[in-house]
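Trainee: this one's structure only:
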DNA sequence: GGAGAATAATATAATAATTGAATAAAGAAA
DNA sequence: TTTCTTTATTCAATTATTATATTATTCTCC
């Protein structure tokens, strides 16, 4: 096994919600902040923020504060491989 | 997108439970019936059977009756690609 | 019919999703 | 420095879904 089963399941679970999967795919192409995700997705800010928290806790992305914004970036290798499969 | 987001999420969700992921990886290498899964996993028959139902409903595998047993087989292309990534 | 195998039904506990409201943090401006 | 604006997070409450065991039923072969 290249990847640990339990750790992998956490990532799969985080990716298994359509809104979160769309957010992660979006972040993979354009690192961005909460409100630009919000505009893309058309969901309340708190909902986006909670999804980002889930994504971050799964280790899929990291966040960096830049002034009054927080920029999110996908860093997990396994998640990136899954995104590549989905995009074909 | 090679794969549909909503359909993909159903598969990811089904794979996101450690026991189910182990079952699917096992089935990918050795198609087998409920009781041989049960012996491998050490879980009650009904639990295995319910996991297999979830896996089947997500479209990951199909089942074929062979006498008084039912043989499960992984058929979903996306799921197979994910397994290959996990195994490295 | 009886044994073994699979599925269905039910119940309960645990976990996840959703979102308005409150809070915090940074920057700009009075 | 105090206040306002923008951006983001956390809280809290509700609702929905999932996990699992137990029990009962169905199916297939002998």
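Mentor: Nice, I can see it. Every value quoted in this text rests on a predicted model; they were computed, and no experiment measured them.
Trainee: all contacts plus neighbour counts: C-alpha atoms, from now on.
Mentor: OK.
Trainee: how long is stretch A:9-26 end to end?
Mentor: 21 Å (C-alpha to C-alpha, to the nearest Å).
Trainee: what sits closest to the residue nearest to the spatial centre of chain A if chain neighbours are left out?
Mentor: Centroid-nearest residue in chain A: residue A:24, 3.4 Å away (criterion: C-alpha atoms, centre = their mean). In this structure, residue A:24 finds its nearest non-sequential neighbour in residue A:74, 7.1 Å apart by C-alpha to C-alpha, 6 or more residues apart in numbering or on different chains.
Trainee: just to revisit the earlier point, tell me the helix or strand right after the helix or strand hosting the residue nearest to the centre of chain A.
Mentor: With secondary structure defined by DSSP states H and E, residue A:24 is part of helix A:18-29. Scanning forward in sequence from helix A:18-29 by DSSP H and E, the next helix or strand is helix A:34-41.
Trainee: which residues touch the following helix or strand past that following helix?
Mentor: Once helix A:34-41 ends, the next helix or strand along the chain (criterion: DSSP H and E) is helix A:45-57. The contact list for helix A:45-57 (C-alpha atoms under 8 Å, 6 or more residues apart in numbering or on different chains) reads A:11, A:14, A:15, A:20, A:24, A:34, A:35, A:37, A:38, A:61, A:62, A:63.
Trainee: pLDDT score for the fifth one?
Mentor: What the model reports for residue A:24 is a pLDDT of 98.
Trainee: residue contacts, the nearest residue to residue A:15 once chain neighbours are set aside?
Mentor: For residue A:15, ignoring the flanking residues on the chain, the nearest one in space by C-alpha to C-alpha, 6+ apart is residue A:21 at 5.0 Å. By C-alpha under 8 Å, 6+ apart, the contact list for residue A:21 reads A:14, A:15, B:5, B:9.
Trainee: now with 10 Å, please.
Mentor: A:12, A:14, A:15, A:27, A:51, A:55, A:83, B:5, B:6, B:8, B:9 (C-alpha atoms under 10 Å, 6 or more residues apart in numbering or on different chains).
Trainee: what is the burial count for the third one?
Mentor: Spelled out, it's residue A:15. Neighbours of residue A:15 under the rule other C-alpha atoms under 10 Å in any protein chain shown: 28.
Trainee: element containing residue A:73, please.
Mentor: Residue A:73 is part of strand A:69-74 when elements are defined by DSSP H and E.
Trainee: what mean pLDDT does that strand have?
Mentor: 96.
Trainee: give me the angle between the one helix or strand residue A:8 maps to and helix B:5-15.
Mentor: Here residue A:8 sits within helix A:5-15, counting by DSSP H and E. Compare the direction of helix A:5-15 with that of helix B:5-15 by axes from the mean of the first three to the mean of the last three C-alpha atoms, to 10 degrees and you get 150 degrees.
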